[in-house]
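A.B. asks: Need coordinates for the following:
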Amino acid sequence: KKINLNSLQLTLVCLIPFCLIFSRFLADFFLVIVCFLFLTQCLLEKKNYFDNIFFKLFILFWIVIVCRSLLSENLLFSLKSSLPYIRFGIFALATFNLFNSNKNYCYYLFIALSFCLVPLVIDGYIQYFFKENIFNYPITTYALNDNVRLSGFFKDELILGSFISRIFPIYLGLYFYCLSKEFIKNKDTFMFLFLIISTVLVLLSGERVAFFYISLSFMFGLFFLKIPIKKFINKILISFVVLLLVILFNKDVKNRFIETTSLQVGITKNKLEKTEHGEKYIFSIHHHNHILAAYKIFKENIFFGSGVKMFRIICDERYKINAFACSTHPHNTIMQFLSETGVIGTSFYVISLIYILSSFFINLKKSTRDLNNNIIKSNLFFLLALLIAIMPFLPAGNFFNNWISIISYYPIGFFILTRINILENEN
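C.D. replies: Numbers count the residues shown, from 1 in each chain. Take a look at the predicted model:
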């Protein structure tokens with residue numbers, strides 16, 4: 001029975017990345033099933049997998065956001081997001097337990113992600129060069145500023161780059177983990193080429209934050225992947241020249257990354273976004289006003305915030321000072337935590353950020369002393385995926401959004417797994 005439950009969980013975990021592309025409902029549905037199967041295992045085996053620091057902190061955070069929702073101005077609207085949020089913490093433990101029970105499962109997931117990412121990247125290039133992808137989804141062009149955006153399999157949603165940039169560090173983490181367990185032979189050259197191709201596609205997609213994220217994977221991939229170019233500085237120079245040429249000589253990329261950015265932040269005048277008087281903005285007039293509105297909402301209830309997903313409601317009711325102020329969320333992770341969970345909820349975010357950053361730099365130092373230790377490399381990329389999920393200062397999606405939450409919690413189980421392996425090796 002345990003083997004059958006594990007096989008079913010593995011199948012669902014492997015299908016979740018595909019579902020994140022084609023059906024958010026199925027992705028969340030499969031995640032819930034994995035949680036129920038894990039809880040069933042806990043009951044059948046009479047084991048307690050919940051006595052660990054991660055889950056204790058998660059439960060405290062969950063209690064805080066649920067209690068705040070119960071006292072929010074729109075109880076049902078906030079509670080329907082905060083109450084079922086517990087599933088993500090359970091899912092993280094479920095993935096750890098699953099892949100810890102059979103290390104070969106990591107190889108199967110690596111293969112599944114390969115079948116997910118490779119067609120996605122190929123289709124993205126097809127859409128770019130032929131103006132539509134294999135499903136006849138057209139490229140998106142904005143008449144006002146001539147910006148060209150890619151969506152690939154995501155159809156109308158311009159999140160192709162975001163998906164690739166968030167999944168790729170998990171993919172590299174699984175690759176190095178499989179190498180450490182000798183499940184696969186060295187494929188560093190292939191991984192390097194695929195990393196370059198994927199990075200350029202994210203650049204062509206026009207998603208600036210996603211390009212920054214995948215650039216982090218690219219930089220550390222250059223350092224850790226053993227490719228024919230001997231010196232690290234030569235790898236950096238060659239890669240920098242390639243990306244710079246794309247930015248300077250590709251009209252669409254140059255327009256999106258240089259000209260549009262300078263207009264949005266107010267470096268150059270833009271009558272459309274009211275920057276003709278020399279105003280400067282944080283990322284854009286939209287982001288700037290979202291942040292100001294979030295700060296005003298935070299000041300209403302400094303300690304506990306307004307409640308999960310309450311930014312949109314309170315902003316529309318009291319802080320819609322202009323057409324740019326309000327949205328579904330503040331588009332900034334720190335400001336969302338402050339406005340919706342207050343100082344109490346934000347403290348959990350800060351603790352997580354400090355832990356991830358400190359663990360990342362400690363393991364980075366270890367890896368530079370032992371470049372052949374693939375388990376540490378694996379752990380670093382899972383930490384990078386977690387860092388991307390809670391990046392503090394850049395524009396961000398809704399932290400409590402189901403799609404974002406699934407990707408954000410997906411690598412936690414693997415981080416715990418590799419962390420335990422590192423500690424075992426050290427002892």
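A.B. asks: Could you use CA atoms for every contact and neighbour count after this?
C.D. replies: OK.
A.B. asks: so where do the strands sit in the protein?
C.D. replies: 140-141, 148-149 (DSSP state E).
A.B. asks: Output the below-cut-off pLDDT ranges for this structure.
C.D. replies: Counting by pLDDT under 70, the chain contains low-confidence residues at 1-3, 143-146, 228-235, 259, 261, 264-279.
A.B. asks: repeat that with 80
C.D. replies: Where the chain drops to pLDDT under 80, the residues are 1-3, 141-148, 226-284, 321, 323, 427.
A.B. asks: on that earlier part again, right, so of the strands of the chain, which gets closest to Glu424?
C.D. replies: strand 148-149 (46.3 Å; CA to CA).
A.B. asks: which residues touch that closest one?
C.D. replies: With contact meaning CA atoms under 8 Å, 6 or more residues apart in numbering, strand 148-149 is reached by Ile139, Thr140, Thr141, Tyr142, Leu158, Leu204, Ser205, Gly206, Glu207, Asp252, Arg256.
A.B. asks: so who does the third one touch?
C.D. replies: Think Thr141. Here Thr141 is in contact with Asn147, Val148, Arg149 (CA under 8 Å, 6+ apart).
A.B. asks: repeat for the fifth one
C.D. replies: Shown here is Leu158, whose contacts under the criterion CA under 8 Å, 6+ apart are Arg149, Leu150, Ser151.
A.B. asks: rerun that using 10 Å as the cut-off
C.D. replies: For Leu158, the contact set (CA atoms under 10 Å, 6 or more residues apart in numbering) comprises Ile139, Thr140, Arg149, Leu150, Ser151, Gly152, Ser205, Gly206, Glu207.
A.B. asks: what sits against the first one?
C.D. replies: Same thing as Ile139. Applying CA under 10 Å, 6+ apart, the residues near Ile139 are 124, 127-133, 148-152, 155-156, 158, 205.
A.B. asks: quick one on the thing from earlier: distance to Phe303 added to the contacts of Leu158, as TSV?
C.D. replies: Below are those laid out as TSV (distance: CA to CA, whole Å):
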residue	distance to Phe303
Ile139	45
Thr140	42
Arg149	40
Leu150	41
Ser151	40
Gly152	42
Ser205	39
Gly206	38
Glu207	34
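A.B. asks: Ignoring the adjacent residues along the chain, who's closest to Ile291?
C.D. replies: Ranked by CA to CA, 6 or more residues apart in numbering and with sequence neighbours excluded, the top spatial neighbour of Ile291 is Pro330, at 5.9 Å.
A.B. asks: So the one you found is in contact with Phe400, correct?
C.D. replies: No: using CA atoms under 10 Å, Pro330 makes no contact with Phe400, being 11.9 Å away.
A.B. asks: Those two: which is more packed in?
C.D. replies: Pro330 (32 against 18; other CA atoms under 10 Å).
A.B. asks: how close does the nearest residue to Asn133 once chain neighbours are set aside sit to Lys155?
C.D. replies: Nearest residue to Asn133 in three dimensions, chain neighbours excluded: Gln127, at 4.2 Å (CA to CA, 6+ apart). Between Gln127 and Lys155 the computed distance is 11 Å (CA to CA, to the nearest Å).
A.B. asks: Need the overlap of contacts for the two.
C.D. replies: With CA under 10 Å, 6+ apart, Gln127 and Lys155 have common neighbours Asn133, Phe135, Asn136, Tyr137, Pro138, Ile139, Thr140.
A.B. asks: how about Gly307, what does it touch?
C.D. replies: By CA under 10 Å, 6+ apart, Gly307 lies in contact with 64-75, 77-79, 81-82, 301, 337-342, 345.
A.B. asks: cutoff 8 Å now
C.D. replies: Contacts of Gly307 by CA under 8 Å, 6+ apart are Ile65, Arg68, Ser69, Leu71, Ser72, Ser78, Ser339, Glu340, Thr341.
A.B. asks: how far away is it from Ser23?
C.D. replies: Noted for Gly307: a distance of 28 Å to Ser23, by CA to CA.
A.B. asks: where do the helices sit along the stretch 201-350 of the chain?
C.D. replies: Here the stretch 201-350 of the chain has its helices, by DSSP state H, counting those that start in this stretch, at 208-224, 232-249, 251-254, 260-265, 285-300, 311-318, 333-369.
A.B. asks: Point out the other elements, helices or strands, that the third one touches.
C.D. replies: Packing contacts for helix 251-254, counted by 3 or more CA pairs under 8 Å, 6 or more residues apart in numbering; DSSP states H and E, involve helix 188-205, helix 232-249.
A.B. asks: Count residues in the vicinity of the nearest residue to Ile302 once chain neighbours are set aside, would you?
C.D. replies: Among residues not flanking Ile302 along the chain, Gly342 sits closest, at 5.2 Å (CA to CA, 6+ apart). Neighbour count of Gly342, defined by other CA under 10 Å: 25.
A.B. asks: Just put the strands of the chain in CSV and tack on distance to Phe115.
C.D. replies: As requested, the strands of the chain are arranged in CSV below (distance: least, CA to CA, whole Å):
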stretch, distance to Phe115
strand 140-141, 26
strand 148-149, 24
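A.B. asks: for these, which one ends up most surrounded?
C.D. replies: strand 148-149 (a mean of 22; mean count of other CA atoms under 10 Å).
A.B. asks: Looks like Leu31 contacts Val13 (just checking).
C.D. replies: Yes: here Leu31 reaches Val13: they are 7.4 Å apart, a contact under CA atoms under 8 Å.
A.B. asks: thinking again about what came up before, tell me the one of the contacts of strand 148-149 nearest Phe190?
C.D. replies: Out of the contacts of strand 148-149, the member with the shortest distance to Phe190 (by CA to CA) is Leu204, at 21.1 Å.
A.B. asks: Ignoring the adjacent residues along the chain, who's closest to Lys309?
C.D. replies: Ser78 (5.8 Å).
A.B. asks: ok, Gln127 and Lys155, which is more surrounded?
C.D. replies: Neighbours were counted for Gln127 and for Lys155 using other CA under 10 Å; Gln127 has more, 24 against 20.
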